[in-house]
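K.L.:
this one's sequence-less:
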Ligand SMILES: [Ca+2]
Ligand SMILES: [Ca+2]
């Protein structure tokens, strides 16, 4: 369960789980200037996929 926080269900299977963590790991470190940047991973909207998302993800994972 993710609760009221941002959704980490990147693959749409209804839970935040291992497959989502893999997708996040692949996106981690990208910025809005990268061609393969996916804003769907930028949960805090700062233009990068980084520490802000990691903190949110760590809190959401497995709940
Ligand atoms: Ca999922
Ligand atoms: Ca971010």
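P.N.:
Looks like it came in fine. Since the structure is predicted, the reported quantities are computational estimates derived from the model, not experimental observations. Ligands and ions are numbered 1, 2, ... in the order given.
K.L.:
From now on I want contacts and neighbour counts done on CA atoms only, so please keep to that.
P.N.:
OK.
K.L.:
roughly how far apart are residue 7 and residue 33?
P.N.:
23 Å (Cα to Cα, to the nearest Å).
K.L.:
Compare neighbour counts for these two and give me the winner.
P.N.:
residue 7 (18 against 9; other Cα atoms under 10 Å).
K.L.:
Which residues are in contact with that one?
P.N.:
Residues counted as contacts of residue 7 (Cα atoms under 8 Å, 6 or more residues apart in numbering) are residue 16.
K.L.:
Helix, strand, or coil at it?
P.N.:
coil (DSSP: H, G, I helix; E, B strand; the rest coil).
K.L.:
Give me the pLDDT for it.
P.N.:
Note on residue 7: pLDDT of 71.
K.L.:
Can you report phi and psi for the residue lying closest to residue 31 once chain neighbours are set aside?
P.N.:
Spatial nearest neighbour of residue 31, excluding adjacent residues (Cα to Cα, 6 or more residues apart in numbering): residue 48 at 4.1 Å. When read as degrees, to the nearest 10, the backbone of residue 48 gives phi -140, psi 160.
K.L.:
Show me which residues of the protein sit near ligand 2.
P.N.:
Contacts of the chain with ligand 2, taken as Cα under 5 Å from the ion, map to 42, 44, 46, 48, 49.
K.L.:
How about the secondary structure of the third one?
P.N.:
Under three-state DSSP, residue 46 falls in the coil class.
K.L.:
Could you report the separation of it from residue 13?
P.N.:
26 Å.
K.L.:
Looking at those two, which one has more neighbours?
P.N.:
residue 46 (13 against 10).
K.L.:
out of the residues of the chain next to ligand 2, who has the most neighbours?
P.N.:
That'd be residue 49 among those, by other Cα under 10 Å, with 26 neighbours.
K.L.:
Need the residues of the chain next to ligand 2 in CSV (columns: distance to ligand 1).
P.N.:
Formatted as CSV, these follow (distance: Cα to the ion, whole Å):
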residue, distance to ligand 1
42, 16
44, 19
46, 23
48, 21
49, 18
